[in-house]
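K.L.:
Build me a structure from this.
(chains A and B)
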Amino acid sequence: MSTKPSKNILLRGYVVLVFIFVFTPILTSFVFSVNSDRFPTIPLGHFTTHWYETIFADPDVWDAFRISGIVSITVAILATFIGFCTAYTDYRYNFTGKALYLSLALLPPTIPLVIMGLAMLALLARINMSGEIYSIVVSHVVLCSPFAMAVIRMRLAQIDPNLESAAWNLGASNWRAMREVIVPFCLPAIASAFCLTAAVSFDEFAVAWFVSGLNKTVPVIILEILQGNTDPQINAIGSIVFITSMTLVVLAQLILMRKTINQTTTGI
Amino acid sequence: MSKTPSSRPLVTFDGVSKRYGSVTAVHTMNLEIYEGEFLAIMGPSGCGKTTSLRMLAGLEEPSEGEIRLDGQRINEISSIERDTPMVWQSLALFPFLNVQKNVEFGLKMRSIPAEERQQRARTWLERMEILELADRDISQLSGGQKQRVALARSLVTEPRILLLDEPLSALDANLVVRMQGVLSRLQKELGITFVYVTHSQSEAFAMSDRVVIMSQGQIDQIGSPKAIYRSPASRFVADFVGANNILSGSVIGTGTELSLNTAVGEFRCQANGYEAFSTGDTLDMVISADLVQISMEDPGTQNSLHCRFISEEFVGSIVTIFAELEDGSDFKVQARQRDLASMSLEEGVAFFASWSATDTHLISRGQD
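P.N.:
Predicted coordinates:
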């Protein structure tokens, strides 16, 4: 790095500014979640965990966390599995209509969430499947699978195409090669996809709001509390949601980055 | 210890073709590979050499014809059930397994108990002189070490045949020569069949008992390295192999020596072995660059040419001289640096190239 120190400092400062811009609102929310005042005003009152205590005393909030937990883990498992299968199909096979297959597989996140939620509700209600926990799971799997696919597909793009053939050549059946070679090779991406889809599902509001019925997820209950009263409970619950998703996303990034640096391809 | 391969074919390609859509990669190939021989399949990229190897490994299915292993048709037998391990150009080592586990892979797939697996893997690691690397990750190895792991992984199941797909192409020149030695020795010690696909003449000629030259999906010539080097069967082989000069011409006289007319003069070739030619036949005359003498004065022999010096390429003790003939075509001469010391060759200088009538090789036109 031969940049001049003055320029270097300037660049660093710029990066810090960008991060401040992005994270100030979230940080503010966190600050007010541990502030004693009822309304978010400055100067601040004293430190308190009162608002956290309040929300954790509310059985509805506990219920929402329970439902969100169940949903996001189930969704992560299913979406990662479907994403892996789609990515592998893309890697392994060539067939007519592959472009269409891929664009359909990647389509769901491009649909506006409100439309998606409404469509999901219309469909699920018609077949008597709305308002249950699994309704949210089904909808979120649709929404999350493309993310899992994208992450795993990136990993498969780095594989030496002879790796699988080499496994067959050494006596591994198709399934065995999948288990012994493809899955281990993709493992960092699979773990990363799992965290990412869990985070997306945990955060998602619009679709969940439409299809959840009485099984409210955390984002849905946040809106409900917000509609009823505006006190720092919202900030508290928001902070928890933020920390949960951030942890998952950062985890996903770390797993992926560490592995890609360690072993880019099989090398020569 | 079988330098002289047995005459029993281990593998037979019987009229094998491979088509991808309208493209024919391999065209009615007939080839017998003998037990215990080191066979090189050589040709330019896209000549079908790798496809042939992949068909033998069961990774591609022939569109036509039959491949037999030990007399048994194996067309329909999947790669998994054939014991035809391959060393890949990219080596295809499993990056998420350590050296030991890579070598054990083939044994694990054959459900060999863990203890025996480890034992056998270690034996091979020791044989390849990399036992101390057993616990390393693949990413921590050098190019040569990876080669050895790949060889150990393929040989651990003790197959009767080993397929090698340009395994040395990624190594630097010094290492290539060393690994050639390793491979040659290994093949002799094991006495198993090696089928070695390469585009490199030096690799093919240095190690193999027989060389197969392929172009455009077809076999051009099969023979010992020497036979291919000295008596190329087609113009393609003459062009592809070594440093050959090719002059086209026609027969103008027969007898104990054939008289040949070309655009740059008349030449003689001993008739022995070329009895089939008669006056008027068109042919290509091949003169190997290392069999040509050069002089500043006309040597007065029958086969001499007037050349103009263009440039030289100096590789150690051997110099390749690039010259131009009267009709503008190229001519190459390989000589020892020592022999050129007394000559003042520089661009534009005229000299004579000569060769003996017995060093002239003829190829009938229309053969390729």
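
K.L.:
does any part of the one helix or strand B:Val26 maps to sit near chain A?
P.N.:
Element membership for B:Val26 (DSSP states H and E) is strand B:23-34. No. For a cut-off given as CB under 8 Å from any CB of the partner chain, strand B:23-34 has no contacts with chain A; the smallest distance is 15.2 Å. The way it works is simple: take the backbone N, C-alpha and C, and place the C-beta from them, glycine included.

K.L.:
mind saving the C-alpha coords of that strand as PDB?
P.N.:
The C-alpha trace of strand B:23-34 is given here as PDB (Å, rounded to 0.1, in the frame of the first residue of the first chain):
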ATOM      1  CA  VAL B  23     -19.100 -33.300 -33.600                       C
ATOM      2  CA  THR B  24     -17.000 -36.500 -33.800                       C
ATOM      3  CA  ALA B  25     -14.400 -36.500 -31.100                       C
ATOM      4  CA  VAL B  26     -13.100 -39.900 -31.700                       C
ATOM      5  CA  HIS B  27     -13.500 -41.700 -35.100                       C
ATOM      6  CA  THR B  28     -13.500 -45.500 -35.300                       C
ATOM      7  CA  MET B  29     -10.500 -46.000 -33.100                       C
ATOM      8  CA  ASN B  30      -8.800 -49.400 -33.100                       C
ATOM      9  CA  LEU B  31      -6.100 -49.800 -30.500                       C
ATOM     10  CA  GLU B  32      -4.700 -52.600 -28.300                       C
ATOM     11  CA  ILE B  33      -3.000 -51.700 -25.100                       C
ATOM     12  CA  TYR B  34      -0.800 -54.500 -23.700                       C
END
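
K.L.:
Quickly note the distance from the residue in the stretch 1-150 of chain A that chain B sits nearest to to B:Gly21.
P.N.:
Nearest residue of the stretch 1-150 of chain A to chain B (CB to the nearest CB) works out as A:Asn94 at 11.7 Å. Relative to B:Gly21, A:Asn94 is positioned 12 Å away (CB to CB, to the nearest Å).

K.L.:
just the helices in the stretch 51-200 of chain A please.
P.N.:
A:59-92, A:98-106, A:113-126, A:133-156, A:162-169, A:174-177, A:183-203 (DSSP state H, counting those that start in this stretch).

K.L.:
Nearest to B:Asn245, out of those helices?
P.N.:
Proximity to B:Asn245, assessed across these by CB to CB, is greatest for helix A:162-169 (39.7 Å).

K.L.:
Quick one: mean pLDDT for the closest one?
P.N.:
Average pLDDT, helix A:162-169: 93.

K.L.:
which other residues reach it?
P.N.:
With CB atoms under 8 Å, 6 or more residues apart in numbering or on different chains as the test, helix A:162-169 has contacts from A:92, A:174, A:176-177, A:180-182, A:185, A:266, B:57-59, B:78-80, B:84-86, B:88-90, B:92, B:94, B:105, B:109.

K.L.:
Next: stretch B:214-222.
P.N.:
Contacts for stretch B:214-222 (CB under 8 Å, 6+ apart): B:18, B:24-31, B:41-44, B:47-49, B:52, B:210-213, B:228, B:232-234, B:236-237, B:240, B:368.
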